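Asker: what would the 3D arrangement of this be:
(2 chains, ligands or ions: 2)
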Amino acid sequence: MALELKDITYKYSAGTAYEITALDHINVTFPDGEFIGIIGHTGSGKSTLVQHLNGLIKATSGEIIYNGQNIYDKDYSMKELRTQVGMVFQYPEHQLFETTVYDDVAFGPKNQGLDDKDVALRTYEAMEAVGFPQELCDVSPFELSGGQKRRVAIAGVMAMKPAVLILDEPTAGLDPMGRDEILNMLKETHERTGNTVILVSHSMEDVANYADRIIVIDKGQIKYNDTPKNVFKHYKDLEKMGLAAPQVTYFMNDLKNAGMPVSTDATTVQEARDEILKLMGR
Amino acid sequence: MLRDITLGQYYPADSILHKLDPRVKLFGTLIYIISLFLFDNIWGILWITLALVCVVRLSKVPFSFMIRGLRSIIILLIVAGVFNLFLTPGQEIASFGIFKITMEGLRNASLMTVRMVYLIIGTSIMTLTTTPNQLTDGLEKSLHGLTKLNVPVHEIAMMMSIALRFIPILIEETDKIMKAQMARGADFESGNIFQKARNMVPLLVPLFVSAFRRAYDLAQAMEARCYNGGEGRTKMKPLKYVSRDRNAYILIFVAFVVTIVLKVVL
Ligand SMILES: Nc1ncnc2c1ncn2[C@@H]1O[C@H](COP(=O)(O)OP(=O)(O)O)[C@@H](O)[C@H]1O
Ligand SMILES: [Mg+2]
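Answerer: Ligands and ions are numbered 1, 2, ... in the order given. Below is the predicted model of the structure:
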């Protein structure tokens, strides 16, 4: 079972003087249980792409198949799809509205029609998953710090227990520690529950460290769809798209050019360290 | 979705009308509106039609964009036309039971319809060829004299341009928050009017919060750059008349004289 995009094209303001083709014949499959990174320069169409996945934007042409069913079929329930495919928008803290943190996180599960007990269970579970202290659940979300607001907003989507969790630049504007905490939390939940995670980012480092597979998108088209190792081999092409490979890729390539017989496959600092230590015979 | 609404309805094109100083266009539109209500015979209509056709051709904006504005007043046009047609007393030319059409009624109805349609088309040409910012700039400059009467012209113009600037941002924000809440299962469509109003809370609260945050940020940014009103303030792109603006003024003037002559002579 999977989420499958067939020949998706999307145009903003179609038929006016301001027409923009944001997605250009996209074909891609998101298999169940993978951790997928989507990277691309600002304006490349990442946000537009992921908003198609739970039907918030309807493609100008093309089809989306979720678990064997076409989501554009007349009798397909978008509401059901949205409980299956959860979406955390960029700057999700801007959507907080309730009087208490608890109520805000519980908004999604309540809309799913669960009874009070299940709602409470999921709400506390989600708060724990994102590392939000339970004793703060009765304060107003507007009184929290930026990083805490972000956690609450992400918990609001995770509480719905979506099979596919999409996050649009969840670390934008966070400090390095807040960023690592959120990404580690996602990875940990992914390993624990086996959900599909689609992480949109423009930071190579983020995606390299966490994703099983990377999709590179440029000007509305998919350029690469491969493992991090294989994608970063094309670091020269990535630069042309306004992207960059992780620092370690450059470092390993420099070492190799300087005459050291290292493999340039490493994509994380940890892998680079192991490779160098191996070479030094330790 | 929401963002497909084009506001201010500026249509980018490379035409002489687009390049004209906004003050000329404002003045021209004013003269045009006065002329519309001056004439009351067929020659006047023909003359104005000729002038309008020339301007439409000059603007390089597709005609369909200009008549878009008509859609919103079409009901009004029909109702007013029918009332004029049947309820004006005078010389009878046809009758259906108790309703009768008079010569005067026919005349009034067609005159009114033409005036309304031309009014919409004419003003649309101005807004289609002038960005909202140029328009406020033009207004500020044209009304500058009123500062002597203690009218805060600069402040009003600044408020207008800030408001105009924020409309698309707020629409974008509404669209985004709506989608974010829909992704959490919010429902903005079904239910009766009370349920609908209640369902709007998840949209309205974040929207207000963000509007206040933006207003506050903007105020701080303005203060940080020592903004203190219009006194002694210069512009990056000051409005300056060039020869084509002078020619346009002359043309407008000549056209107006012709209108008056047509009105007096015929
Ligand atoms: N609501 C919109 N209306 C018109 N154009 C849009 C809108 N949203 C995005 N775009 C345009 O679509 C393209 C892709 O944008 P987006 O998907 O937001 O890119 P990314 O998330 O990769 O930065 C950009 O050229 C952007 O300007
Ligand atoms: Mg984006």
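Asker: check which helix or strand residue 197 maps to.
Answerer: Using chain A here. strand A:196-201 (DSSP states H and E).
Asker: switch to chain B, that's the one I care about
Answerer: B:Ala197 is part of helix B:193-199, with elements assigned from DSSP H and E.
Asker: buried ones in the next helix-or-strand element following that helix, by neighbour count?
Answerer: Scanning forward in sequence from helix B:193-199 by DSSP H and E, the next helix or strand is helix B:201-224. Across helix B:201-224, burial judged by 16 or more other C-beta atoms under 10 Å in any protein chain shown covers B:Pro202, B:Leu203, B:Val205, B:Pro206, B:Leu207, B:Val209, B:Ser210. No exception for glycine: its C-beta is placed from N, CA and C like everyone else's.
Asker: ok, which pair from those residues is furthest apart?
Answerer: B:Pro202 and B:Ser210 (13.2 Å; C-beta to C-beta).
Asker: and A:Gln112, how far from ligand 1?
Answerer: Computed as C-beta to the nearest ligand atom, to the nearest Å, the A:Gln112 to ligand 1 distance reads 28 Å.
Asker: just give the nearest non-adjacent residue to that residue, would you?
Answerer: Distances taken as C-beta to C-beta, 6 or more residues apart in numbering or on different chains place A:Thr83 nearest to A:Gln112, at 5.3 Å, with adjacent residues excluded.
Asker: now that neighbour: which helix or strand?
Answerer: Using DSSP H and E, A:Thr83 falls in helix A:78-84.
Asker: still on that earlier bit, please identify every residue contacting each of B:Pro202 and B:Ser210.
Answerer: Taking C-beta atoms under 8 Å, 6 or more residues apart in numbering or on different chains as the criterion, B:Pro202 and B:Ser210 both touch B:Ile177.
Asker: tell me how far the worst-scoring helix or strand of chain A on mean pLDDT lies from the chain's centre.
Answerer: Ranking every helix and strand in chain A by mean pLDDT, DSSP states H and E puts helix A:204-210 at the bottom, with a mean of 85. Centroid separation between helix A:204-210 and its chain, computed with C-alpha atoms, centre = their mean, to the nearest Å, is 11 Å.
Asker: hmm, back to that, which members of the buried residues of helix B:201-224 additionally contact ligand 1?
Answerer: Among the buried residues of helix B:201-224, proximity to ligand 1 is found for none (C-beta under 6 Å from any ligand atom).
Asker: need the three-state assignment for B:Ala94.
Answerer: Here B:Ala94 is recorded as strand under DSSP: H, G, I helix; E, B strand; the rest coil.
Asker: across the sheet, point out what pairs with it.
Answerer: B:Ile101 (DSSP bridges).
Asker: spell out which residues of the stretch 151-282 of chain A are next to chain B.
Answerer: Within the stretch 151-282 of chain A, the positions near chain B by C-beta under 8 Å from any C-beta of the partner chain are A:Gly156, A:Val157, A:Met160.
Asker: among the residues you listed, which are in helices?
Answerer: In helices, defined here by DSSP state H, the members of those are A:Gly156, A:Val157.
Asker: restricted to buried residues, select the residues of the stretch 151-282 of chain A next to chain B in ChimeraX.
Answerer: Of those, the buried ones go into a single ChimeraX selection, burial set by 16+ other C-beta under 10 Å:
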select /A:156,157,160
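Asker: want to throw the residues of the stretch 151-282 of chain A next to chain B into TSV with distance to A:Thr193?
Answerer: Shown next, in TSV, are these (distance: C-beta to C-beta, whole Å):
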residue	distance to A:Thr193
A:Gly156	17
A:Val157	14
A:Met160	13
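Asker: is it possible to get JSON lines of the residues of the stretch 151-282 of chain A next to chain B that adds pLDDT?
Answerer: Converted to JSON lines, those look like this (pLDDT from 0 to 100):
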{"residue": "A:Gly156", "pLDDT": "95"}
{"residue": "A:Val157", "pLDDT": "95"}
{"residue": "A:Met160", "pLDDT": "94"}
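Asker: of the residues of the stretch 151-282 of chain A next to chain B, closest to B:Glu140?
Answerer: For these, the residue nearest B:Glu140 by C-beta to C-beta is A:Gly156; the value is 45.3 Å.
Asker: ok, back up a step: check which element follows the least confident helix or strand of chain A along the chain.
Answerer: Helix A:204-210 is succeeded, C-terminally, by strand A:213-218 (DSSP H and E).
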